[in-house]
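K.L.:
Based on what follows, work out the 3D shape:
(one chain, ligands or ions: 1)
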Amino acid sequence: MTRVVIIGGGSVGSSIAYHLATHPRFAGSITVVERDPTYRIASSSLSCASIRQQFSTPVNIAMSQYGLRFLQNAADALEVDGDKPLLKLNLPGYLFLASEAGLEVMRENHRVQKEMGAEVVLLGPNELRARWPWLSVDGIAAGSWGTHVEGWFDGPAMFQAVRRKARKLGAIYIAQDAVGFSMSGTRVTGVHLADGSVLECDVVVNAAGPWAARVAAFAGIDLPVRARKRMVYVVACKTPMRDFPLVIDATGIFFRPEGIGYVCGRSPGEDEPDPDEPPLEVDDAMFMDYVWPAMANRVPAFEELKLLSSWAGYYEFNIFDHNGIIGPHPSVENMIFANGFSGHGIQHSPATGRGAAELITDGRFTTLDLSPLAFTRIVENRPLVELGIV
Ligand SMILES: Cc1cc2nc3c(=O)[nH]c(=O)nc-3n(C[C@H](O)[C@H](O)[C@H](O)COP(=O)(O)OP(=O)(O)OC[C@H]3O[C@@H](n4cnc5c(N)ncnc54)[C@H](O)[C@@H]3O)c2cc1C
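P.N.:
As a prediction, this is how the structure comes out:
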């Protein structure tokens with residue numbers, strides 16, 4: 001009987017609980033410690049929940065491919081007592097746009113994506129204009145479009161359905177703050193909770209999202225993951241436009257349809273401030289100064305926009321190389337990390353959950369090899385560079 005305690009019950013922690021509960025060889029108990037069952041500021045609640053295969057690293061592409069299959073099968077797999085979740089999966093694709101300066105990188109990414117079996121096509125300016133007549137191709141050398149395999153879904157509905165199924169299959173969720181560990185040599189033997197109780201464990205999992213560095217520190221480990229604020233704006237546009245994909249402009253801003261309007265945003269540039277865990281207040285200047293001008297430049301109909309609402313959430317940002325970290329740290333043998341996905345964590349939560357469940361049960365990855373995301377790359381200072389961070 002393996003006693004597994006997972007700290008954090010968002011999309012990643014709940015996916016680990018679900019995949020453990022459905023793993024044919026897992027025998028043991030699954031306890032998820034989640035301090036806020038409302039998930040008010042969890043990343044998984046505030047996510048744009050988009051999914052793509054247009055990454056530059058094979059492991060990220062493969063994780064999204066499993067994520068897509070998981071979403072497509074979710075209604076049946078996550079059914080509880082006859083109730084099937086509705087995840088509103090939409091697959092009109094991502095459209096990455098590149099200027100002349102970005103063309104070489106786009107071509108190289110395309111090569112890797114095709115090798116991985118991703119359904120992506122490169123389009124020149126004339127093809128872009130013909131397919132999406134509302135798009136301005138000024139300054140655009142090419143676009144890369146993921147046909148039928150990319151889009152977006154209802155993120156909160158997805159992780160709540162995973163959580164509900166995990167509970168149905170026996171996982172216990174405890175509404176408590178984890179505040180420390182008991183250690184014996186290189187092993188974590190207990191998780192201390194804010195009410196003074198201790199959960200004894202054989203394996204502990206850090207799935208604490210943007211707050212994962214605090215949990216790592218319980219075991220004396222320095223985890224390079226920080227809570228970085230990202231803002232999303234919801235706008236309406238009176239001009240109807242058809243077949244709208246998720247557009248990543250050459251400037252780095254993104255926009256895509258959502259309900260009757262659009263969501264849009266941008267990550268701060270390298271030279272702009274990006275403090276750790278600032279208050280989740282929305283700064284309209286980001287929209288006025290950067291996002292709207294770039295949108296109007298790319299889609300002239302966006303000259304006339306109405307800002308309806310906005311929100312901010314934390315990316316669990318890996319300051320080392322912007323990629324997920326999955327697996328143990330060399331100095332603590334029974335602590336599994338599942339952190340640092342830096343803006344692509346909800347789409348990768350199914351693959352992360354499955355991989356972590358395999359590590360815990362079988363001691364190795366048995367389906368998709370996630371070892372490129374091992375903690376050792378950080379300890380050995382070997383960054384895994386992903387060029388497609390949005
Ligand atoms: C604005 C925004 C847009 C995004 N867009 C996308 C997107 O389009 N596609 C995509 O794939 N990803 C996107 N992401 C990223 C994605 O949402 C995250 O990577 C993912 O949700 C991380 O899930 P998580 O379970 O690790 O973290 P969370 O959902 O934050 O869950 C962590 C949980 O741990 C709990 N916790 C923390 N510490 C403790 C403790 N000590 N004790 C008990 N509980 C604790 C917290 O309460 C929290 O509920 C976006 C994120 C944001 C903010």
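
K.L.:
Whichever residue of the stretch 251-390 of the chain sits closest to the ligand - how many residues pack around it?
P.N.:
Closest contact between the stretch 251-390 of the chain and the ligand, by Cβ to the nearest ligand atom, is at residue 345 (1.9 Å). Yep, even glycine has a C-beta here, placed from its N, CA and C like the rest. Residues lying near residue 345 (other Cβ atoms under 10 Å) number 23.

K.L.:
Next: residue 180.
P.N.:
Residue 180 sits with 15 neighbouring residues when counted by other Cβ under 10 Å.

K.L.:
hang on, the earlier thing: go ahead and confirm the residue of the stretch 251-390 of the chain closest to the ligand touches residue 43.
P.N.:
Yes. Under the criterion of Cβ atoms under 8 Å, residue 345 makes contact with residue 43 at 6.6 Å.

K.L.:
between these two, what contacts are shared?
P.N.:
Common contacts of residue 345 and residue 43 (Cβ atoms under 8 Å, 6 or more residues apart in numbering): 11, 209, 316.

K.L.:
Tell me the bridge partners for the last one.
P.N.:
Right, residue 316. residue 227 (DSSP bridges).

K.L.:
Isn't it up against residue 224?
P.N.:
No. With contact defined as Cβ under 8 Å, residue 316 and residue 224 do not form a contacting pair (10.9 Å).

K.L.:
Identify the contacts common to the two.
P.N.:
Residues touching both residue 316 and residue 224 by Cβ under 8 Å, 6+ apart: residue 340.

K.L.:
Compare the two and say which is more crowded by neighbours.
P.N.:
Remark: of residue 316 and residue 224, residue 316 carries more neighbours, 28 against 16, as counted by other Cβ under 10 Å.

K.L.:
Pull up the gap between that one and residue 383, please.
P.N.:
Taking Cβ to Cβ, to the nearest Å as the measure, residue 316 falls 17 Å from residue 383.

K.L.:
same question, residue 173
P.N.:
From residue 173 over to residue 383 the distance is 35 Å, taken as Cβ to Cβ.

K.L.:
what does residue 336 give?
P.N.:
21 Å.

K.L.:
repeat for residue 251
P.N.:
Taking Cβ to Cβ as the measure, residue 251 falls 25 Å from residue 383.

K.L.:
Looking at the two, which has the bigger crowd around it?
P.N.:
The neighbour count for residue 251 versus residue 383, taken as other Cβ under 10 Å, is higher for residue 251 (18 against 12).

K.L.:
List the residues that contact the nearest residue to that one once chain neighbours are set aside.
P.N.:
Spatially, and ignoring its direct neighbours in sequence, residue 251 is nearest to residue 294 (4.6 Å; Cβ to Cβ, 6 or more residues apart in numbering). By Cβ under 8 Å, 6+ apart, the residues touching residue 294 are 249, 251, 253, 266.

K.L.:
same check, this time on residue 109
P.N.:
Counted by Cβ under 8 Å, 6+ apart, residue 109 has contacts 54-56, 144, 387-388.
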